[in-house]
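Chemist: Next comes the sequence, and after it the predicted model I'd like to discuss.
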Amino acid sequence: MSGYIGTQPVPQATQTRDSFTATSGQTSFATGGYTPQFLDVYLNGIFLANGADYTAANGSDVLLTAGAATGDILEVVAYTTFEISGVAGLTPSIDDNGNATAITIDSSENVLVGKTSTGISAAGHSYKADGTWEVRRDLGTANSSSVGYLSRGTTDGNILTFYKDTTAVGSIQSRAGLVSTLILDPRTGGAGLTSGGNVIIPTDNAGAPSDALCTLGSSGNRYNNLYLGGGVYLGGTGAANKLDDVETGTFTPAFQSITNPTYVAQTGYYIKIGSFVSYQYRIEWSAGTSIGSTVNGLPFAARNGQDEYPMTSNVYHDQSVTYSSNRTTAIGYVLKNTANMDLVCVGSAQTVGTLTFSTSGSIYVTGQYYTNS
């Protein structure tokens, strides 16, 4: 209280006033009681300095340094702390115009607003003496409102800053007056996250959007799985850098035409990277006649374009396969716009020849092709 003369009264305090008419040379005055250091003494309306003009140490008597004159008026104002007593279990509080408790201060010096105990089981605020802040708001409708609101006026910048002791360790900012930015590491070389429409954007340590600055994970702190609905751009941002599919799997190859077959093995494996398919398969049969040279069951249909067609495949077989005249090598090629391939033979002759399959045997085929899938 600026300009107050004497001991400044404390909140929630009462005062007791004693007045004396002095006799000649009187120095001792017995008061109704006081707490040392919590009293003001006046002689004829003039404030006296404790220690210089008087002493008051025993809680009862005030002793003047110099004796008073006859008829002098000595006034002693003693201050005592206001305490609530006589009401069992009552906690000090501030009420709202006498009709409700607005603020409660419990025995642990926790300040409670809208509630009577600490914790988050009930709505309200708890400002605890140990520095903890507890807030709960009960809302009956989902997304109808918020538990708290923080607003920075006029300029963009930090709305909430986090500290460890006296070191800033992060913040939440506004950017462009429209979006929020989360600073995860405010040190030089640190990083954060912001947004622009439906895009999550990396930032530098100050919250500015960055390009090719941040690394996701590290050699000793890897992520487990990454689920993407689209593709990933590797080494650049052009369409040629986009990888939108990596896939591995199995398939079951079979002769398109065979009479009374008995298959021993029909195993196929593939790797698909983007539109490029690499495959291998094995067919083994112990019975079958009238075997055609077309194999179906490849995992994807081949493209229908000329630029990547045909792509030949390597064919390995046992003595169950024979060649047409003047052909020495078996090959295969995938038929455009189908998941089938033809097995043929080539050699010194200018045209491809036909393979003939015995009633039992085995073939192994490896190759690649492009697909539109």
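Modeler: That came in fine, so what should we check first?

Chemist: Can you list the low-confidence ranges for this structure?
Modeler: Within the chain, the ranges that satisfy pLDDT under 70 run 1-13, 81-100, 306-310.

Chemist: Would you mind giving the domain segments of the protein?
Modeler: 13-81, 93-135, 157-204, 249-370 (automatic domain parsing).

Chemist: burial measure for the closest residue to residue 214 other than its chain neighbours, as a count.
Modeler: Excluding its sequence neighbours, the residue lying closest to residue 214 (CB to CB, 6 or more residues apart in numbering) is residue 202, at 4.1 Å. Backbone N, C-alpha and C define where each C-beta goes, glycine included. Residue 202 has 16 neighbours, counted by other CB atoms under 10 Å.

Chemist: mind checking which helix or strand residue 202 is in?
Modeler: Taking DSSP states H and E as the definition, residue 202 sits inside strand 199-204.

Chemist: Packing partners of that strand?
Modeler: strand 191-196 (3 or more CB pairs under 8 Å, 6 or more residues apart in numbering; DSSP states H and E).

Chemist: try it again with 10 Å
Modeler: Applying 3 or more CB pairs under 10 Å, 6 or more residues apart in numbering; DSSP states H and E, one finds that strand 199-204 contacts strand 167-175, strand 179-183, strand 191-196.

Chemist: Which of these sits closest to residue 159?
Modeler: strand 167-175 (5.4 Å; CB to CB).

Chemist: count of neighbours near the residue nearest to residue 281 when sequence neighbours are not counted?
Modeler: With CB to CB, 6+ apart as the criterion, residue 281 has its nearest non-adjacent residue at 3.6 Å, and that residue is residue 268. Look at residue 268: counted by other CB under 10 Å, it has 20 neighbours.

Chemist: Correct me if wrong: residue 268 contacts residue 277.
Modeler: No - contact criterion CB atoms under 10 Å: residue 268 and residue 277 do not qualify, at 11.3 Å.

Chemist: list residues touching both of the two?
Modeler: Taking CB atoms under 10 Å, 6 or more residues apart in numbering as the criterion, residue 268 and residue 277 both touch 298-299.

Chemist: rewinding a little: so can I have JSON lines of the helices and strands packed on strand 199-204 showing distance to residue 144?
Modeler: Output for the helices and strands packed on strand 199-204, formatted as JSON lines (distance: least, CB to CB, whole Å):
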{"stretch": "strand 167-175", "distance to residue 144": "23"}
{"stretch": "strand 179-183", "distance to residue 144": "21"}
{"stretch": "strand 191-196", "distance to residue 144": "24"}
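
Chemist: Please convert the ones you listed to JSON lines, extending it with mean neighbour count and distance to residue 371.
Modeler: As requested, these are exported to JSON lines (neighbours: other CB atoms under 10 Å; distance: least, CB to CB, whole Å):
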{"stretch": "strand 167-175", "mean neighbour count": "16", "distance to residue 371": "43"}
{"stretch": "strand 179-183", "mean neighbour count": "18", "distance to residue 371": "41"}
{"stretch": "strand 191-196", "mean neighbour count": "18", "distance to residue 371": "35"}
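
Chemist: To residue 132, which of those lies closest?
Modeler: strand 167-175 (18.4 Å).

Chemist: from the middle of its chain, how far away would that closest one be?
Modeler: Chain-centre distance of strand 167-175: 14 Å, with CA atoms, centre = their mean, to the nearest Å.
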